[in-house]
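J.: let's see this in three dimensions:
(chains A and B)
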Amino acid sequence: MELLISLIVGVLTATGVYLTLRARTFPVVIGLTLLSYAVNIFLFAMGRLTIGMPAIIDPTAAGYADPLPQALVLTAIVIAFGMTAFVIVLALKAKGELGNDHVDGIERGKDEIVDQPQYKQEKEEAAQ
Amino acid sequence: MMQSIILPVLIPLVAGFLMLFARAGGLPLQRALNLLTTITLVVISVGLLMHAADGSYGVYTLGNWAAPFGIVLVLDRLSAMMVLLTMLLALGALWYAISTDIDRKGAHFHVLFQFQLLGLNGAFMTGDVFNLFVFFEILLIASYGLLLHGGGRERTKAGLHYVVINLIGSTLFLFAVGALYGALGTLNIADMAAKVAVAPEERHGLIAAAGLLLLIVFGVKAAMFPLYLWLPAAYSQTSAPVAAFFAIMTKVGIYAIIRVHGTVFGEAQNALTSLAAPWLLIAGIVTMILAALGVMSARNMRVQIAYLVLASIGTLLIALGLNSREALSGALYYLIHSTVVAAGLFLLADLIARGRGRVGDRFHPGPPMPGAILLGSVMFFAAVAVAGMPPLSGFIGKTMILHAALEGPLTAVVYGVMLGSGFIIIVALARSGSMLFYRTIDSQEMEGDPVNKRALVAVLGLLAISPLMVLFAHPLGQFTEAMATQLFETTGYINAVLTTPTVGGAE
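T.: Below you'll find the predicted structure:
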């Protein structure tokens, strides 16, 4: 179970970091969300992974599951949720005001628009 | 049990909600409420400082849960001083916002302002690392709103960068907190310090990694090299009172480094002792050099001031990196000075920009300015203070730090960097002063607004703290010395927090 959890945290973090480094706001927001998922699982695992243990100390049970990380994760989820909502609204506002969704709000480069059909056609026409 | 410790957190919370409902009563009601609340908080924070000045610890157990099981608020000299500094700054910024009608430009200025105070005061008083994270988030989300207050393309762009880097910072904070909890089994700062001192050797690597990860998080807040790139844009694009208020935001990072790293890794007598200090010294030196270059290359006054804020952070990081009682005392003196002077300068830059009409605060010859002699004198005064020239407070603070540097590591480098960058800053400020006030284009008409006298009161009020700090340099120096001593005696802090009985509990 430890291996599985650590793999999940690692993959989520790696994906999150990769997406956060993208130049468009949408992947950045997704990246931040994945990072917050990774940290939630990480926090959860920091209370040690146990199966079938009560969350309170019970003399008849063999041990207990640490309830504190669960409370921390709950707080972290709420905060991350609010922050994600805020950053989405801000990204939309930036798109509206700056005219594009680049994180630096710069103008589109010529090489960036070739993927879109109408520009592709224009470019081909220009090439002929 | 001193109940008043919770007031600096509780009052802004209640006032923030009240302000939301007061919107129906119009802006004048919100303004009156906000001023009243802020002045009340100033009075309370003076009272708390007087209580903490004798070196006692005020520990407030939230929900009457004894530490380390519950969250505690801890009042000592440092936290009381930071709360008072925040409140003075808030009063100045608020007065300026009201007298220039900047609060009219968006919907919830006063509400966000109070929530920002809630986050700041909470962060300065809490004795629990996870609670510190929560207060950081409160102050950050309020600061996002304040930063974007008024709107505009450039502001949105700077805001997006600021928000994203701080969200990444929050994620790293949680990773660090989680790792520390996993290694130590506690999140109470005092308890963590006690646990680090007796941590088994095989855990040292994990604890050190988590501690340095926390340093990165606080470095993002403090704008430490290489994490400062968000600062110049964010501070120069936002409205003047918000920028002035944000002068305390970078100091939150410095405070957190002093509190968490100073206490948690100060008590240990093992490989983890003062693990952040060498990193801080190097980061401070590089920050200082880059800040001086930024001051030199800035093309308008607000960007220049943002880099001056960065230079003050560099100075503070160097002082923390020296890791001695004397250096910390100097750093605390310099922290008060740099915060109020930077805030005063941001407000002054806005007044100058208003006076120059279309040219604004760009370093470009502009039309003659109404009240140029008055504003020019204030600018000269502020520039002397911020550059660290005698006779104002910046000089005393820097002298204290440089004197401490004689005993520390890398003495020659620290002297070279601090004096060299000080010189560059003086040259750059002289150049910008002459560009703003002497190089006027030949025109009889003045384009700009006349000096807003009411707003000038806020600028003068904040800047007046600098000569006061010189007049009372001896008692203040003694106070910062006592503060530094208290911070180095981590045993007192740990005992105070961990032995506080609960009210009516069977202790």
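J.: quick check: the residue in chain B positioned nearest to chain A vs B:V413, distance?
T.: Nearest to chain A in chain B, going by Cβ to the nearest Cβ, is B:G182, at a distance of 3.8 Å. Where you see a C-beta, it was placed from the backbone N, CA and C, and this is true even at glycine. B:G182 sits 37 Å away from B:V413, going by Cβ to Cβ, to the nearest Å.
J.: kindly report the same for A:G31.
T.: For A:G31, the distance to B:V413 - Cβ to Cβ - is 38 Å.
J.: looking at those two now, which is surrounded by more residues?
T.: Neighbour count, other Cβ atoms under 10 Å in any protein chain shown: between A:G31 and B:V413, A:G31 has more, with 21 against 14.
J.: confirm that one sits in a helix?
T.: Yes. Using DSSP: H, G, I helix; E, B strand; the rest coil, the secondary structure at A:G31 is a helix.
J.: you'd agree it is up against A:A23?
T.: No. Using Cβ atoms under 8 Å, A:G31 is not in contact with A:A23, being 11.8 Å away.
J.: tell me where the stretch 301-450 of chain B has helices.
T.: Under the criterion DSSP state H, counting those that start in this stretch, helices of the stretch 301-450 of chain B are mapped to B:301-322, B:325-355, B:372-387, B:393-405, B:411-437.
J.: ugh, typo on my part, it should be chain A
T.: Along chain A, counting by DSSP state H, helices occupy A:2-20, A:25-45, A:67-98, A:117-127.
J.: relative orientation of the longest one and helix A:25-45 in degrees?
T.: Counting by axes from the mean of the first three to the mean of the last three Cα atoms, to 10 degrees, helix A:67-98 points 170 degrees away from the direction of helix A:25-45.
J.: tell me which residues of helix A:67-98 come out buried.
T.: For helix A:67-98, the neighbour count (16 or more other Cβ atoms under 10 Å in any protein chain shown) marks A:68-69, A:72-73, A:75-76, A:79-80, A:83-84, A:86-87, A:90-91, A:94-95, A:98 as buried.
J.: which strands or helices does it pack on?
T.: Helices and strands in packing contact with helix A:67-98 are listed as helix A:25-45, helix B:129-148, helix B:153-184; criterion 3 or more Cβ pairs under 8 Å, 6 or more residues apart in numbering or on different chains; DSSP states H and E.
J.: to B:L41, which of the ones you listed lies closest?
T.: Nearest of the helices and strands packed on helix A:67-98 to B:L41, taken as Cβ to Cβ: helix B:129-148 at 15.1 Å.
J.: may I have that closest one as PDB, with CA atoms only?
T.: C-alpha atoms of helix B:129-148 as PDB (Å, rounded to 0.1, in the frame of the first residue of the first chain):
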ATOM      1  CA  VAL B 129       2.400  25.700  12.200                       C
ATOM      2  CA  PHE B 130      -0.800  24.500  10.500                       C
ATOM      3  CA  ASN B 131      -2.700  27.400  12.000                       C
ATOM      4  CA  LEU B 132       0.000  29.600  10.500                       C
ATOM      5  CA  PHE B 133      -0.900  28.100   7.100                       C
ATOM      6  CA  VAL B 134      -4.600  28.800   7.600                       C
ATOM      7  CA  PHE B 135      -3.900  32.500   8.500                       C
ATOM      8  CA  PHE B 136      -1.500  32.700   5.600                       C
ATOM      9  CA  GLU B 137      -4.300  31.600   3.300                       C
ATOM     10  CA  ILE B 138      -6.700  34.100   4.900                       C
ATOM     11  CA  LEU B 139      -4.300  37.000   4.400                       C
ATOM     12  CA  LEU B 140      -3.500  35.800   0.900                       C
ATOM     13  CA  ILE B 141      -7.100  35.500  -0.400                       C
ATOM     14  CA  ALA B 142      -7.800  39.000   1.000                       C
ATOM     15  CA  SER B 143      -4.600  40.300  -0.600                       C
ATOM     16  CA  TYR B 144      -5.600  38.900  -4.000                       C
ATOM     17  CA  GLY B 145      -8.800  40.900  -3.700                       C
ATOM     18  CA  LEU B 146      -7.000  44.000  -2.600                       C
ATOM     19  CA  LEU B 147      -4.300  43.700  -5.200                       C
ATOM     20  CA  LEU B 148      -6.900  43.600  -8.000                       C
END
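J.: same for that helix, what does it pack against?
T.: Using 3+ Cβ pairs under 8 Å, 6+ apart: helix B:129-148 touches helix A:67-98, helix B:109-125, helix B:153-184, helix B:240-245, helix B:247-256.
J.: which strands or helices does the third one pack on?
T.: Spelled out, that is helix B:153-184. helix A:25-45, helix A:67-98, helix B:129-148, helix B:189-197, helix B:204-222, helix B:230-237.
J.: could I get those helices as TSV with mean pLDDT and distance to B:M446?
T.: Output for the helices and strands packed on helix B:153-184, formatted as TSV (pLDDT from 0 to 100; distance: least, Cβ to Cβ, whole Å):
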stretch	mean pLDDT	distance to B:M446
helix A:25-45	93	43
helix A:67-98	90	32
helix B:129-148	92	31
helix B:189-197	90	55
helix B:204-222	92	40
helix B:230-237	88	25
